[in-house]
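Enquirer: only geometry, no sequence info:
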């Protein structure tokens, strides 16, 4: 099934709502088309903010939601090229032993994913209390880069520093990595927290995120996918598109919509409302990413 | 509720000046405590600010004086573009002169544990 046919199929079956997010201006599209680069169509799945170990009224099925999401991915009609978890795999705990227990359980659950590879970056709940030590034991490096079918992917760590900084060392690594890319290279960035000041009053920002955006800005084709805010959100900094993902534990309110960033209550009439995962299609024309939001389970 | 300090004596003024010079970054006004400036003590502990409601008059200059008995904390008053690290074993001060009235949320911006996301308070300027 072609990627277009598959998207139509998803819409017709009501599995998900597809939206087309162009992260590029016309100039950028032109640059991509004249570069001679050959891209292949592919898609990947983003899951975020699972908070394994959380218990509370905002999700009475806290232990069942992640397995349902895994089943949802395994049931996709076409196998994605890879899966990325954009942080907060586990809910924080002061106890290092309990932290590792939660990470071990999380790793066992997502091992049921038929998709390989599965990639991870940490959230502050995973990494901020120990500088990412436990995360690295279970899931490897907290920042890294890889290439896939003509797209350069960069995973950033803006959580191992409890003050939400990327830090000079990582920024230097990012600058060095970007030097190896052409100005029209197709670049996708993964991060947990927003790299821009989404809503600083709720700490929805990265303290030195603007430095990363400045480094990315000379590149014409950059899109950022992140988590942290437990809801879908789309924002542009210049030509760079930023897309946040839903959570797999509880939704949070829209930025500034209420005094506190407290979880939205569970609705028994609409269980799992506001939760979900997404698939992201990288199109060969380099002009857009098609984002399809998927519910945790069909209603 | 606000916390009034006892009247300044000379030693305390000197101490505040020294702490301000040591603890505040270049973008933050160095504390130069005047006898009319009120000092408000705020303890940043797991996982609350004590007090969690601070009242200041419009245009009043106050010294916010922080301690953290447990773990490193942060104080962030985003509506005023102010933040500061609060480290155990040190007294950290921040000079504030609000020029706008209203209620403004402050919060901890250094991840400190399970209750971090609820660690916030309100600055009331009237």
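Expert: Right, received. Where do you want to start? These numbers were taken from a predicted model, which means no experiment stands behind them.

Enquirer: Can you get me a residue count around the closest residue to chain B within the stretch 1-150 of chain A?
Expert: Using Cβ to the nearest Cβ, the single residue of the stretch 1-150 of chain A nearest to chain B is residue A:128, 3.6 Å away. (Each C-beta comes from the backbone N, C-alpha and C, glycine too.) Residue A:128: 22 surrounding residues under other Cβ atoms under 10 Å in any protein chain shown.

Enquirer: Could you list the buried residues of the regular element (helix or strand) spanning residue A:72?
Expert: When elements are assigned from DSSP states H and E, residue A:72 belongs to helix A:62-74. Neighbour counts over helix A:62-74 (16 or more other Cβ atoms under 10 Å in any protein chain shown) mark A:62, A:65, A:66, A:69, A:70, A:72, A:73 as buried.

Enquirer: So the longest helix seen in chain A, near chain B or not?
Expert: Secondary structure of chain A per DSSP state H: the longest helix is helix A:96-110. No - using Cβ under 8 Å from any Cβ of the partner chain, we find that helix A:96-110 stays clear of chain B, coming within 10.7 Å at best.

Enquirer: elements contacting that helix?
Expert: helix A:62-74, helix A:133-139 (3 or more Cβ pairs under 8 Å, 6 or more residues apart in numbering or on different chains; DSSP states H and E).

Enquirer: where's the residue of chain B most remote from its centre relative to chain A, distance?
Expert: Relative to the centre of chain B, the most outlying C-alpha is that of residue B:114, 22.7 Å out, by Cα atoms, centre = their mean. Between residue B:114 and chain A the distance is 6 Å, computed by Cβ to the nearest Cβ, to the nearest Å.

Enquirer: residues contacting that residue?
Expert: Taking Cβ atoms under 8 Å, 6 or more residues apart in numbering or on different chains as the contact definition, residue B:114 lies against A:92, A:93, A:94, B:47.

Enquirer: which residues in the chain form strands?
Expert: Using chain A. A:17-21, A:42-47, A:82-86, A:118-121, A:144-148, A:151-155, A:186-190, A:221-226, A:233-237, A:240-244, A:277-282, A:289-294 (DSSP state E).

Enquirer: should've been chain B
Expert: Under DSSP E, chain B gives strands at B:38-45, B:48-50, B:53-56, B:62-67, B:73-77, B:82-86, B:92-96, B:102-107, B:120-125.

Enquirer: From the contact counts, what lies against the first one?
Expert: Counting contacts by 3+ Cβ pairs under 8 Å, 6+ apart, the secondary-structure elements packed against strand B:38-45 are strand B:48-50, strand B:53-56, strand B:62-67, strand B:73-77.

Enquirer: from those strands, which stretch is densest packed?
Expert: Among those, ranked by average contacts under mean count of other Cβ atoms under 10 Å in any protein chain shown, first place goes to strand B:73-77 (a mean of 25).

Enquirer: which residues does residue A:181 contact?
Expert: Contacts of residue A:181 by Cβ under 8 Å, 6+ apart are A:152, A:187, A:219.

Enquirer: no wait, residue A:250
Expert: A:51, A:54, A:58, A:59, A:230, A:263, A:264, A:266, A:274, A:275.

Enquirer: so the fourth one makes contact with residue A:266?
Expert: Yes - in terms of Cβ atoms under 8 Å, residue A:59 counts as a neighbour of residue A:266; the distance is 6.0 Å.

Enquirer: So these two - more neighbours on which side?
Expert: Neighbours of residue A:59 and residue A:266, each counted by other Cβ under 10 Å, are more numerous for residue A:59; the result is 22 against 19.

Enquirer: Next one: the more buried one, what pLDDT does it get?
Expert: Residue A:59 carries a pLDDT value of 98.

Enquirer: hang on, the earlier thing: now, the most widely separated pair of the contacts of residue B:114?
Expert: The largest separation in the contacts of residue B:114, counting by Cβ to Cβ, is between A:93 and B:47 at 13.6 Å.

Enquirer: Noted, bye for now.
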